[in-house]
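Asks: Using only what follows, build the 3D model:
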Amino acid sequence: MGRPQRPPLRRYGLRPRLTLLATVLVALVSGLLLWLGWLLVGGVARAVPALPPGSTVRVGNLDVPAEQLSEAVGAAARAEVLRAGLIAFPLVVVAAGLVSWVLVGRVLAPLLAVTATARRLSAESLDERTGLRDARGEVAELAAGFDAMLDRLQAAFDAQRRFVANAGHELRTPLAVLHTEVDVTLADPDAEIAELRRMGEVVRAAARRADALVGGLLLLARAQGGEQIEHRPVDVAELVRAGVATLRGEAACGGLRVRARGSAAPTTGDRVLLERLVGNLLENAVRHNVTGGWVEICTAIGPDGRAELRVASSGPEIAPEAVPELFEPFRRGPRERTAEVPGSGLGLSIVRAVVAAHGGTVRGEPVPGGGLAVTVRLPASASRGMSERESGFRRG
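Replies: Numbering: from 1, shown residues only. Model (predicted):
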């Protein structure tokens, strides 16, 4: 079967179609006005005053009896109207076509600019914009909306490129360690058991780092993927107590003073993701701290009924304008910790993604004197009948 033929007009663009439509309308109106003029002239001619019978009147080149004066004047007037109309009608139609073509072109110029910009776009040229400054009305709104969409697309593509590049770099580091250790050890035919054990420990540490990075990437992809998450009652305070207990030994090694206080903070969401959210905040506060520092965790129910979690800790000073960057993937604090502190730089970015997936908000702010405070607010849970609790521990 052949392809169905499109109607002839649809083969052409919008400009010729609108021009043709406007020209046809002008031709119809002009024809109607000419017909009305022809009728009105005849009617006016019949109103010519009657002359005495038997007299004659010259109409044009003819002498007409008085009794036929009205008909003769009407016929002459109508003929003159038709003669002038036949000259003016095509001129008006042609002028209407030309004016319509120009005006429609001016009206459609912004749309053509948007179309041309869309055709030039590619993954490497998302910085293209329509550049419309003089447009007005709905066309201006269309151009502005199109440019705003391009801004969002460019930001998303740039973030994706940075993420892929950073992920590749982070994964290449432990893989390079694995290759180097294995190659060096295999190159030594007299390697002793102690050397092999040392190589095994290094390989295990690198493998754990790569596994943690892959796990973080998968968790981040799940939180950002828009997939349906579970909505079950979860108490954030309970997750905090479990997280503090897990990090007790690590906090003690750093001489950190950790205090967890507050009341129950019930919310609704995916328990696994919320556990990772709390764990990342606590790990970030403990591992990116200073020797002998402090960590404070507070849970509560906000004035609007939302569950609140605030984790504040000491640490190096952070400029206020640098705080939003910490929530980007593979971004770390003001001092380089790649070699001395475990982590992949995905902690706070996972926190932001999990909070967004649950319809909450997260805000970070520097602590005076050094450190970071992160406040998370999550949707309220329907059940709240839990009493306040306080828990804390201190390690010198």
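
Asks: elements contacting the helix or strand hosting residue 351?
Replies: Element membership for residue 351, per DSSP states H and E: helix 347-357. For helix 347-357, the elements it packs on are helix 193-224, helix 271-287, strand 361-366, strand 372-378, judged by 3 or more CB pairs under 8 Å, 6 or more residues apart in numbering; DSSP states H and E. Where you see a C-beta, it was placed from the backbone N, CA and C, and this is true even at glycine.

Asks: got the contact list for that helix?
Replies: 216, 219-220, 223-224, 226, 229, 270, 273-274, 276-277, 280-281, 283-284, 326-331, 361-362, 364, 374, 376, 378 (CB atoms under 8 Å, 6 or more residues apart in numbering).

Asks: can you list the domains in this protein?
Replies: For the chain, automatic domain parsing gives the domain ranges 8-120, 159-224, 232-394.

Asks: And these: which comes nearest residue 143?
Replies: Nearest to residue 143, of all these, is domain 8-120, at 5.7 Å by CB to CB.

Asks: do you know which of the helices and strands packed on helix 347-357 lies nearest residue 38?
Replies: helix 193-224 (73.9 Å).

Asks: Can you list the buried residues in that closest one?
Replies: 199, 202-203, 206, 209-210, 213, 216-217, 219-220, 222-223 (16 or more other CB atoms under 10 Å).

Asks: before we move on, what about stretch 231-248?
Replies: 234, 235, 236, 237, 238, 239, 240, 241, 243, 244, 247.

Asks: how about residue 373, what does it touch?
Replies: 310, 311, 312, 313, 364, 365, 366, 367.

Asks: can you pull out the strands in the chain?
Replies: Taking DSSP state E to define them, one finds strands in the chain at 56-59, 62-65, 232-235, 257-262, 266-269, 294-301, 307-313, 361-366, 372-378, 391-394.

Asks: what helices or strands is the fourth one leaning on?
Replies: To tie it back to what came earlier, the one meant is strand 257-262. Packed against strand 257-262, as judged by 3+ CB pairs under 8 Å, 6+ apart, are the following elements: helix 236-246, strand 294-301, strand 391-394.

Asks: Dump the buried residues of helix 193-224 into TSV; add pLDDT as well.
Replies: Listed next are the buried residues of helix 193-224 as TSV, based on pLDDT from 0 to 100:
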residue	pLDDT
199	84
202	83
203	85
206	80
209	75
210	80
213	75
216	72
217	73
219	72
220	71
222	70
223	71
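
Asks: could the residues you listed go into a markdown table alongside distance to residue 251?
Replies: A markdown table is the format used below for the buried residues of helix 193-224 (distance: CB to CB, whole Å):
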| residue | distance to residue 251 |
| --- | --- |
| 199 | 31 |
| 202 | 26 |
| 203 | 28 |
| 206 | 25 |
| 209 | 21 |
| 210 | 26 |
| 213 | 24 |
| 216 | 21 |
| 217 | 27 |
| 219 | 23 |
| 220 | 25 |
| 222 | 28 |
| 223 | 26 |
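
Asks: What is the nearest of those residues to residue 129?
Replies: residue 220 (30.7 Å).

Asks: Look up how far residue 269 lies from the closest one.
Replies: 17 Å (CB to CB, to the nearest Å).

Asks: among the contacts of helix 347-357, which ones are buried?
Replies: So, by 16+ other CB under 10 Å, the buried ones in these are 216, 219-220, 223, 229, 270, 273-274, 276-277, 280-281, 283-284, 326-331, 362, 364, 374, 376, 378.

Asks: List the buried residues of stretch 349-365.
Replies: Those would be 349, 350, 351, 352, 353, 354, 355, 357, 358, 360, 362, 364, for stretch 349-365 by 16+ other CB under 10 Å.

Asks: Give me the residue ranges of the stretch 51-200 of the chain where confidence is low.
Replies: 51-74, 121-127, 131-137, 139, 159, 166, 169-170 (pLDDT under 70).

Asks: same thing but at 80, please
Replies: 51-78, 80, 107-147, 154-174, 177, 181, 190-191 (pLDDT under 80).

Asks: just the helices in it please.
Replies: Using DSSP state H, counting those that start in this stretch, the helices assigned to the stretch 51-200 of the chain run over residues 69-120, 137-187, 193-224.
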